[in-house]
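Student: Predicted model follows, preceded by the sequence.
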Amino acid sequence: RSFLEASVTTSRRRALSRLRGPRARDLRPERAELLRTKRELELARESMGNAAYAIFWVRADGTIMDHNRTAARLLGGAEDLREAQLADVFAGPRSAWLQIWQTMVSRGDYAGDAVWRRAGGAGFPVRLVGNRVSYDGRFYGCLFVADRTEAKLAEDRLADTNARFRAITENTSDLVFVLD
């Protein structure tokens, strides 16, 4: 074989190698890293999906981008709430979401109580804890929501008991001792 033929053959092999990309054995570390990352992502997704709190990821306009299964159960309606408006579940004015969003944008987080509506229209108290998330050059909201129905009932019963106790102690003319 001549030098020219050998040179053309070598050049051809190099060109074919560039077209084919790195050899399969060269991709093993990247493939292993991709598989590890995929497993971690699946674990995180499953953990979030089964979390005790309802979790919503929302856009600035209040559109629900994603949510976990607990969120769908909390609202008692459709399994897929994506593209629904978060403002629709607030029992108060539609501007309630805008106020929460503005707080998250300015402070980076939000924590407070609100009243939401279930699919049938019944209102129920919730505790919202959220934060602003910056991703791909945009801001999003991540809200953790807990149903406070039982806690609110307990608070109301305690307030009633305290009011009765106060009324008894303020309206009695006898001496009252409290033993501890």
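Tutor: Alright, I've got the coordinates.

Student: Can you name the next helix or strand after the helix or strand bottoming out on mean pLDDT in the chain?
Tutor: Least confident element among the helices and strands of the chain, by mean pLDDT, DSSP states H and E: helix 3-20 (a mean of 53). Under the assignment DSSP states H and E, the closest C-terminal helix or strand after helix 3-20 is helix 28-49.

Student: Figure out how far that next one is from the centre of its chain.
Tutor: Relative to the centre of its chain, helix 28-49 is centred 19 Å away, using CA atoms, centre = their mean, to the nearest Å.

Student: what does the longest strand belonging to the chain rub up against?
Tutor: Secondary structure of the chain per DSSP state E: the longest strand is strand 123-135. Identification of contacts with strand 123-135 by CB atoms under 8 Å, 6 or more residues apart in numbering yields 57, 91, 100, 104-105, 108-118, 139-149, 151-152. Placement of C-beta: from N, CA and C, glycine included.

Student: Report the buried members of these.
Tutor: For these, a neighbour count by 16 or more other CB atoms under 10 Å gives the buried set as 57, 91, 100, 104, 110, 114, 116-117, 140-148, 152.

Student: List the ones among those that fall in strands.
Tutor: 57, 110, 114, 116-117, 140-147.

Student: buried set for the longest strand of the chain?
Tutor: Buried residues in strand 123-135 (16+ other CB under 10 Å): F124, P125, V126, R127, L128, G130, R132.

Student: Looking at those residues, which two lie furthest apart in space?
Tutor: F124 and R132 (25.6 Å; CB to CB).
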